[in-house]
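okay, structure incoming, though there's no sequence with it:
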């Protein structure tokens, strides 16, 4: 497991975002020069079977795998770790209670309530014995709580202080919906930029990681300056469309 070690180097890392329900496609993304691949079960088309198969295809490229679970599916969080994912993103963590439930599912006792059974994880992370995996899992596997509502922002310090939570993952689009009381989806809303910066600052002050979803790659330097250290760049269909536009533009002159 190497995602946490990479984050501790304090450089911006980039994760691909797999929404197509295909383990083969997730593996192809892992062969691209991304630092990680995130498999999305919330808004993506991945089922449990394609998501868990993706852990293997991503690992075959020696790339860390991250899973975003559906809202409230903490049972999938611990299963994801058993399948070899190095981090789990949980959407709509809007309170300390939400964070506590997520953290418990992600960590072994005494920190949490994760039960023992990382059979697939040990097949993927071959540098570990069962004992070494058990001893290191609570620190090496990452629980990232999504901050995407006013309620989450208001409870941010408590969420960051929750045992078992290793960092936050900001969803600017959803935060913009909540912030505008449902008036618009506008992640570039000027009023939000200070809030986005404040979330990263408070996460880092708490000794936690700050990650963010990015659609426009030109925004990355600004997010990096704020303190974000993991950025999701668009989605697999988005990358396909951009790549096609670039190639066809060059071919057509």
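That came through, no problem. Nothing here was measured: the structure is a model prediction, and the numbers come from that model. Numbering: from 1, shown residues only.

pLDDT below threshold where in the protein?
Counting by pLDDT under 70, the chain shows no low-confidence range.

most centrally placed residue in it?
Taking CA atoms, centre = their mean as the criterion, residue 89 is the residue nearest the geometric centre of the chain, at 4.4 Å.

who does whatever helix or strand that one lives in touch, helix- and strand-wise?
Using DSSP states H and E, residue 89 maps to strand 87-90. Contacts defined by 3 or more CB pairs under 8 Å, 6 or more residues apart in numbering; DSSP states H and E place strand 87-90 against strand 65-68, helix 74-82, helix 96-106, strand 142-147. From N, CA and C alone the C-beta is placed, and that goes for glycine too.

mind putting the ones you listed in TSV, mean neighbour count included?
Compiled in TSV, these are given as follows (neighbours: other CB atoms under 10 Å):
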stretch	mean neighbour count
strand 65-68	28
helix 74-82	22
helix 96-106	22
strand 142-147	27
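
before we move on, the earlier item: pairing partners for the strand holding residue 89, with directions?
Looking at strand 87-90 with DSSP bridges, its partner strands are strand 65-68 (parallel), strand 142-147 (parallel).

now do the longest one: everything it contacts.
This means strand 142-147. Identification of contacts with strand 142-147 by CB atoms under 8 Å, 6 or more residues apart in numbering yields 3-4, 7, 66, 77, 86-93, 98-99, 102-103, 106-107, 152-153, 156, 159, 162, 164-171, 175, 199, 209, 211.

among those residues, which ones are buried?
3-4, 7, 66, 77, 86-93, 98-99, 102-103, 106-107, 152-153, 156, 159, 162, 164-171, 175, 199, 209, 211 (16 or more other CB atoms under 10 Å).

picking up where we left off before, so the residue nearest to the centre of the chain touches residue 41, yeah?
No. Contact status for residue 89 versus residue 41: not in contact, 9.8 Å apart, counting by CB atoms under 8 Å.

shared neighbours, the two?
Shared contacts of residue 89 and residue 41, defined by CB under 8 Å, 6+ apart, comprise 67, 68, 69.

show me what contacts the second one?
This means residue 68. Counting by CB under 8 Å, 6+ apart, residue 68 makes contact with 38, 39, 40, 41, 42, 44, 88, 89, 90, 91.

which residue packs closest to it, ignoring adjacent ones?
residue 89 (4.2 Å; CB to CB, 6 or more residues apart in numbering).

check the gap between that neighbour and residue 159 for me.
14 Å (CB to CB, to the nearest Å).

burial measure for the closest residue to residue 197 other than its chain neighbours, as a count.
Nearest residue to residue 197, sequence neighbours excluded (CB to CB, 6+ apart): residue 226, at 4.4 Å. Residue 226: 20 surrounding residues under other CB atoms under 10 Å.

mind listing what's buried in stretch 219-232?
Within stretch 219-232, the residues that qualify as buried are 219, 220, 223, 226, 227, 228, 229, 230, 231, 232, counting by 16+ other CB under 10 Å.

what does stretch 36-45 give?
Neighbour counts using 16+ other CB under 10 Å place 36, 37, 38, 39, 40, 41, 42, 44 of stretch 36-45 among the buried residues.

and the two most separated of the residues you listed?
Within the buried residues of stretch 36-45, two members stand farthest from each other by CB to CB: 36 and 42, at 17.0 Å.

list the contacts of the helix or strand harbouring residue 242.
In this assignment (DSSP H and E), residue 242 forms part of helix 236-252. Helix 236-252 is contacted from outside by 16, 17, 18, 19, 20, 25, 29, 215, 233, 234, using CB under 8 Å, 6+ apart.
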